[in-house]
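Enquirer: Sharing a model that was predicted from the sequence below.
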4 protein chains.
Amino acid sequence: MFFASDNGSGVPGAVLAALARVNEGPAPGYGADAAMAEVTDRLRAVFEAPKAEVFLIATGTAANAIAIASFCPPWGTVYCHDHAHIEEDECGAPEFYTGGAKLRRIPGNHGRMDPDALRAAIAATGQVGVHNAQRGMVSITETTEAGTVHGPAGVAELAGIARDFGLPVHMDGARFANALVSAGCTPAELTWKAGVDVLSFGGTKNGLMGVEALILFDPDRHAGKGWEIQLRRKRGGHLFSKHRYLSAQMLAYLEDDLWLDLAGRANAAAASLAAGLAQVPGARLVHPVQANAVFAAFPRVAHRRAQTAGARYYMWPFDQSLEGDGDAPLSCRLVCSWNTTGSEIAAFLDALRG
Amino acid sequence: MFFASDNGSGVPGAVLAALARVNEGPAPGYGADAAMAEVTDRLRAVFEAPKAEVFLIATGTAANAIAIASFCPPWGTVYCHDHAHIEEDECGAPEFYTGGAKLRRIPGNHGRMDPDALRAAIAATGQVGVHNAQRGMVSITETTEAGTVHGPAGVAELAGIARDFGLPVHMDGARFANALVSAGCTPAELTWKAGVDVLSFGGTKNGLMGVEALILFDPDRHAGKGWEIQLRRKRGGHLFSKHRYLSAQMLAYLEDDLWLDLAGRANAAAASLAAGLAQVPGARLVHPVQANAVFAAFPRVAHRRAQTAGARYYMWPFDQSLEGDGDAPLSCRLVCSWNTTGSEIAAFLDALRG
Amino acid sequence: MFFASDNGSGVPGAVLAALARVNEGPAPGYGADAAMAEVTDRLRAVFEAPKAEVFLIATGTAANAIAIASFCPPWGTVYCHDHAHIEEDECGAPEFYTGGAKLRRIPGNHGRMDPDALRAAIAATGQVGVHNAQRGMVSITETTEAGTVHGPAGVAELAGIARDFGLPVHMDGARFANALVSAGCTPAELTWKAGVDVLSFGGTKNGLMGVEALILFDPDRHAGKGWEIQLRRKRGGHLFSKHRYLSAQMLAYLEDDLWLDLAGRANAAAASLAAGLAQVPGARLVHPVQANAVFAAFPRVAHRRAQTAGARYYMWPFDQSLEGDGDAPLSCRLVCSWNTTGSEIAAFLDALRG
Amino acid sequence: MFFASDNGSGVPGAVLAALARVNEGPAPGYGADAAMAEVTDRLRAVFEAPKAEVFLIATGTAANAIAIASFCPPWGTVYCHDHAHIEEDECGAPEFYTGGAKLRRIPGNHGRMDPDALRAAIAATGQVGVHNAQRGMVSITETTEAGTVHGPAGVAELAGIARDFGLPVHMDGARFANALVSAGCTPAELTWKAGVDVLSFGGTKNGLMGVEALILFDPDRHAGKGWEIQLRRKRGGHLFSKHRYLSAQMLAYLEDDLWLDLAGRANAAAASLAAGLAQVPGARLVHPVQANAVFAAFPRVAHRRAQTAGARYYMWPFDQSLEGDGDAPLSCRLVCSWNTTGSEIAAFLDALRG
């Protein structure tokens, strides 16, 4: 009954096997390994972007920060959702990597920026010229932090607003696979065809030990950005000498669509969990369940039963207390993973019901 | 015949096994995994530093930069050897993490800062008060970039100069194990007993996939620095969600003194290679061979034979050309690894001799 | 009829005279001039803070940024009003000088942070430990950007909240003199006695060419901060070689309470203007008039008449257009200066009334 | 007998008069004042650069740092003389403004970078690709810190090396006027015609209170750089609200070639001083005297006599002591100013001779 985060799960055997396979013999470091060339080829094919440049980075925070710093100057403004990971959970990594850019929180329901609010915020930026922080870039989180999915149309709407102002678009795709499976579209449709310039393509939350791919879709349009990303990666201490172990993980991830398989399992588990919650008296969903996370509220007493039974998850927001009385429902986040089992879900629901 | 770098080698089976072992079941992220607690315990024991704080970081560049930024203000000066990794091979990571500190290159033979030059450089810093960059910290590389070892007395001499000026001391120990085996002293003697405040304890170059331990020996003396290191690690994107895979590697490294065993093998290989070179006509050592790297010069024709035979290594410095005539010896760097074999060495020496 | 800003006015003759007086003979640079020693003495007396350290800086943006960077780490959060100058009008200077701290906008009426909102925002910061930006410091603007004044009790309430969390307090006093005259208290009461640690004591908006004093009230409590401020000032390019010309301006400002006299005149002009507006049909005040600025709304047609007559001021917010029809009042900012004349005000009111 | 620095002198009456003149009436702030438009026109004419963009900045350190940051990325290398002001006397301002670029010290006699050393240093930068700091820009100081002048040919030689590598060229012209008068060429010949892209055109050391002009000669070639400079100036806190007082100083400086007249006087004083020193037993020049500074060595006893007589100047380097015995000459720096008098020089020479 571990629903604390999808980063609490281990990795599938195929990933371990890939590490063992790539371990043989010497290999050149820093991304010049043969496996990396194959990673690039495959991601170009997956995204129908034959010129795309691909850079592996071990953490999502670093992938986001390096991508953003490469597109937004120190005096720029990054528009993101009120509860975006880059704003709330990265201890200022984007500010650090950009040299002091501003993040502007855009409100919106269920983890999605409200398009009108986004447009208004961009329009209002820099009205007094040099005295203000300037317009910088837009960052969209897909899957959102609320477990919802924009889909191609939703991404295109937000990216279109960015385009209207000439701004580049980043996608934080820490849970990109979950969104893709949910949206039922192609990777290209969810990204560059919808207006995304640079993607943090997540692996870690979906079954890898620690690898994300930073993908620059159109280097011709963004001359010099690929090299800048490489310099920022190195300078940030994120260029691995034994790079083959990152490449191997990503290769295993892409092999036989493992990444889609893993995400599909996690999404299905969340759907099953949500369906079960519908049967729990007093429980309700806080956000639509569209990927692998369930945000739900239920009575304090049910929380106590679940946690006593050993369920692990976070109250969401954090500052709700299980102590005390009162029967107002308390909300929480339940994240399913590629290896969440039906029996875990059943046990959790049983505990809730008492 | 791979002598290009010790980061070109794979990892021993014990490391792969440890990854598989830790893969079972869910685990809390971000360093709260059980394996990390054990890593801390063991490193405290290894270094006889019962209060030491330990932070795992996946790359040496990041470990160095985070350590330095935590001790040196933006207006500080970092004194390091002319050819220190932090100066020459990290694309300005220390400058980035510190927010613009200056690195001051200190000359010295065989990779070691000349003590008099270090003292003079520190003394000369900040003579005009607020107009100058200020004194910051000293960074010692052990094993040096020239493959030599300071040993406890050498470290203590340099650290003592730092102490005379009230400056903290960092050790870049990317090849710490090689130095330790060479020096034949205890880990404590080579570090905090010699005056080192904070150590980048290398694992990657000595058989891990990508893990270094940042060790703060005396948190009582450096109040708040442990927390600052954690914030800088997170902010730099270096806090791993699935941290257990870093912990597992480091645990395997410490288990049964694997780290010392691996370093011992690499050092022995280098000694053997150096001995063999002594028999090669026209070959001479550029630096004393004290750890796992051999810097040697030999005739251009011998280089050509070796490279034709498939030997991989770097000319050192890089700008020497195998093209052209002339019989002046060309210098190179030959790095041995934990899995360098006697037959590789023999084949290389055979090729040199023609 | 110039009400665009108090920085649009010239300086009183006493300031020009002081520049001429200090011009004679050679003088040591960089703050070692005799006039600076006198400035420090006088400001210590004015603020009843005999140990205070004083640093002159030519612009308010720089004074604010240097003060904030000296108290808030790169991972810290600066709490300020939604429309604070440091957030809206400094192009990210605080982010630049701090190395990427976050500014958190606190709502509140009439330019003052709502105390409950401030307390809640601080409490909510850093709940997830190392993953979040941390608590940093509180910055209070006095006179506010809405032309209102906190007074000692208002400052103490906000500073007390900061103190409850152990946070330092900065005051942006670009219009400190106007607030002081309005509040009718002592300089100490409005600052350190109310909990302010460091003050940007404005001169430029109140009759100087370009000088602010950064005042650190209690160096004993903030060991090392004075020197840090000096280093940040130098490193930011804000230490003047011919410092005497800054000192001379500040001395003239303090001589015979010129600063209070100038602020009193500006405040009186604003009061007169506000009183006159009360007689203008359709006009109303947007904020209480407590210092030297009047925020007022009146019909579009009146705006047109005023501007045609040559009145200079900004619509506030900026994005209101005088074009078009409709009789909803449009709001604007009217700033009075030390040399705003009664006839200017009368002419303006005449124009409004048509 | 004040020879400590040319920034120890006051300003000519014309500068005070200009401040008084511009003081009348309201004026728009932040560079939109009428005087600034005239400054731009005049500097374009002076430099025969009709499209040049001009930005006033109050200190030389800031002008240098903003110029450099606008042309050199955080991972770039700035090549400058071993004793350049940007390296030795700005407390790391270039590192701060660039976000951590590296300054590379180039040796060379008499304050001028040795061309071969410059070429070799640039060529050696970035040999290991992403692992190294990259090539950035070249900064030439004219007049040098040794009081010598490159002249058009000297500048062109160094700038040509930069051009060979595609690097932009900055000139630190804190004493540009002194160099120009010495070289006897046109301003264009000493700058953009010789390959300079951006100039810190000094005013402060040559008779102004505190104004330098940052001049971007060819905005067409450097698209966007003018706006970037403006943003960096604002963000650095260097955009003056009451900008007219900077403009007025610079206008007075350019009026009737006052700047050349002042520099000519200072240079003539230095020449006279140098000639006088030639008659002092035991005295010798350390560097050729080509502008307004004299670097000379003479016996300790003569120093003592001069200082007892009230002469003010710095030992150069700083760490020489007048205490003790020994008759080895001690070296010093003697800087003349626009208002250094013949009688000061005579008195100083008399004191030396005893």
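Expert: Nice, thanks for sending it over.
Enquirer: Look through chain A and tell me its longest helix.
Expert: Scanning chain A for the helix with the most residues, using DSSP state H, yields helix A:258-277.
Enquirer: can you pull the alpha-carbon coordinates of that helix into PDB?
Expert: Presented in PDB, the C-alpha positions along helix A:258-277 are these (Å, rounded to 0.1, in the frame of the first residue of the first chain):
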ATOM      1  CA  LEU A 258       8.400  -0.600 -22.200                       C
ATOM      2  CA  TRP A 259       7.800   3.000 -21.300                       C
ATOM      3  CA  LEU A 260       4.200   2.900 -22.600                       C
ATOM      4  CA  ASP A 261       3.600  -0.400 -21.000                       C
ATOM      5  CA  LEU A 262       4.700   0.800 -17.600                       C
ATOM      6  CA  ALA A 263       2.700   4.000 -17.800                       C
ATOM      7  CA  GLY A 264      -0.300   2.100 -18.900                       C
ATOM      8  CA  ARG A 265      -0.100  -0.100 -15.900                       C
ATOM      9  CA  ALA A 266       0.200   2.800 -13.500                       C
ATOM     10  CA  ASN A 267      -2.700   4.600 -15.200                       C
ATOM     11  CA  ALA A 268      -4.900   1.500 -15.000                       C
ATOM     12  CA  ALA A 269      -4.100   1.100 -11.300                       C
ATOM     13  CA  ALA A 270      -5.100   4.700 -10.700                       C
ATOM     14  CA  ALA A 271      -8.300   4.200 -12.600                       C
ATOM     15  CA  SER A 272      -9.000   1.100 -10.600                       C
ATOM     16  CA  LEU A 273      -8.300   3.000  -7.300                       C
ATOM     17  CA  ALA A 274     -10.600   5.800  -8.400                       C
ATOM     18  CA  ALA A 275     -13.300   3.400  -9.200                       C
ATOM     19  CA  GLY A 276     -13.000   1.800  -5.800                       C
ATOM     20  CA  LEU A 277     -13.000   5.100  -4.100                       C
END
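Enquirer: next helix or strand past it?
Expert: Later in the chain than helix A:258-277, the nearest helix or strand by DSSP states H and E is strand A:284-285.
Enquirer: returning to what we had before: do the longest helix of chain A and chain B come into contact?
Expert: No. Helix A:258-277 stays clear of chain B (C-beta under 8 Å from any C-beta of the partner chain), getting no nearer than 13.5 Å. (Glycine included, C-beta is placed from N, CA and C.)
Enquirer: What average pLDDT does that helix get?
Expert: The average of the pLDDT scores along helix A:258-277 is 98.
Enquirer: just stretch A:207-224 next, same as before
Expert: The pLDDT scores in stretch A:207-224 average 97.
Enquirer: my guess is A:G154 meets A:R112, correct?
Expert: Yes. Counting by C-beta atoms under 8 Å, A:G154 does reach A:R112; the two are 6.5 Å apart.
Enquirer: Can you name the residues in contact with the longest helix of chain A?
Expert: By C-beta atoms under 8 Å, 6 or more residues apart in numbering or on different chains, the residues outside helix A:258-277 that reach it are A:6, A:12, A:14, A:147, A:175, A:177-178, A:180-182, A:203, A:206-207, A:252-253, A:283, A:285, A:289, A:291-294, A:296, A:298, A:334-342, A:345-346, A:348-349, A:352.
Enquirer: who in the stretch 101-250 of chain A is up against chain D?
Expert: Residues of the stretch 101-250 of chain A lying close to chain D by C-beta under 8 Å from any C-beta are A:V130, A:H131, A:Q134, A:E228, A:Q230, A:L231, A:R232, A:R233, A:K234, A:R235, A:L239.
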